[in-house]
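Novice: Quick one, fold the following:
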Amino acid sequence: MKKNILFTIIFSTMSILLADPPNWEDCPGCFEFTATISGGIILDESGEQMGDDGDLFAAFDDDGNVRGVAIQLFPPFGPYQNTPVYEMQMRSNAEGDLLHFKYYDASEDAILDVVE
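Specialist: Numbers count the residues shown, from 1 in each chain. Modelled structure (predicted):
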């Protein structure tokens with residue numbers, strides 16, 4: 001009985017650790033214009049600030065094309081000292097492009113739509 005429980009715990013842990021993150025690749029040279037966004041990601045239900053190892057934040061156009069992938073930063077001072085924040089260069093070739101945001105939570109292996 002103990003072997004089965006231990007195996008289940010190890011297998012469950014390994015499946016989380018080995019989960020495949022989304023293949024969100026940025027193409028800086030594919031677009032003419034850029035804009036920068038920075039901020040934190042807050043989980044609405046709990047108010048928890050998101051940002052663990054392996055988490056990703058990205059922008060997409062209406063066709064699902066990646067328009068930017070953020071880098072995770074930990075400010076060394078100020079109100080967000082040592083908390084995860086994201087900075088992203090978003091890209092476009094035309095004025096007025098609408099972008100949508102998604103967040104990959106590696107600990108849950110889940111992609112979340114970011115809404116205002």
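Novice: Strands of the protein, residue ranges please.
Specialist: Here the chain has its strands, by DSSP state E, at 33-39, 41-42, 49-50, 56-60, 66-69, 71-73, 85-92, 100-105, 110-114.
Novice: would TSV of those with mean pLDDT be doable?
Specialist: Output for these, formatted as TSV (pLDDT from 0 to 100):
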stretch	mean pLDDT
strand 33-39	93
strand 41-42	84
strand 49-50	85
strand 56-60	96
strand 66-69	96
strand 71-73	94
strand 85-92	95
strand 100-105	95
strand 110-114	93
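Novice: Mind putting these into CSV with distance to D20?
Specialist: Using the backbone N, CA and C atoms, a C-beta is placed for each residue, glycine as well. Converted to CSV, these look like this (distance: least, Cβ to Cβ, whole Å):
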stretch, distance to D20
strand 33-39, 26
strand 41-42, 21
strand 49-50, 19
strand 56-60, 12
strand 66-69, 16
strand 71-73, 19
strand 85-92, 21
strand 100-105, 10
strand 110-114, 12
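Novice: TSV for those strands, including distance to C27 and mean neighbour count?
Specialist: TSV is the format used below for the strands of the chain (distance: least, Cβ to Cβ, whole Å; neighbours: other Cβ atoms under 10 Å):
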stretch	distance to C27	mean neighbour count
strand 33-39	12	12
strand 41-42	23	16
strand 49-50	25	16
strand 56-60	12	22
strand 66-69	7	21
strand 71-73	16	14
strand 85-92	8	20
strand 100-105	17	18
strand 110-114	20	13
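Novice: Nearest to P79 among these would be which one?
Specialist: Counting by Cβ to Cβ, P79 lies closest to strand 85-92 out of the strands of the chain; the figure is 10.6 Å.
Novice: Would you check how far apart D26 and N65 are?
Specialist: To N65, D26 is 11 Å away according to Cβ to Cβ, to the nearest Å.
Novice: neighbour-wise, which of the two wins?
Specialist: Shown here are D26 and N65; by other Cβ atoms under 10 Å, D26 has more neighbours (18 against 12).
Novice: nearest residue to that one other than its sequence neighbours?
Specialist: Leaving aside its chain neighbours, D26 sits nearest to V69 (4.4 Å; criterion: Cβ to Cβ, 6 or more residues apart in numbering).
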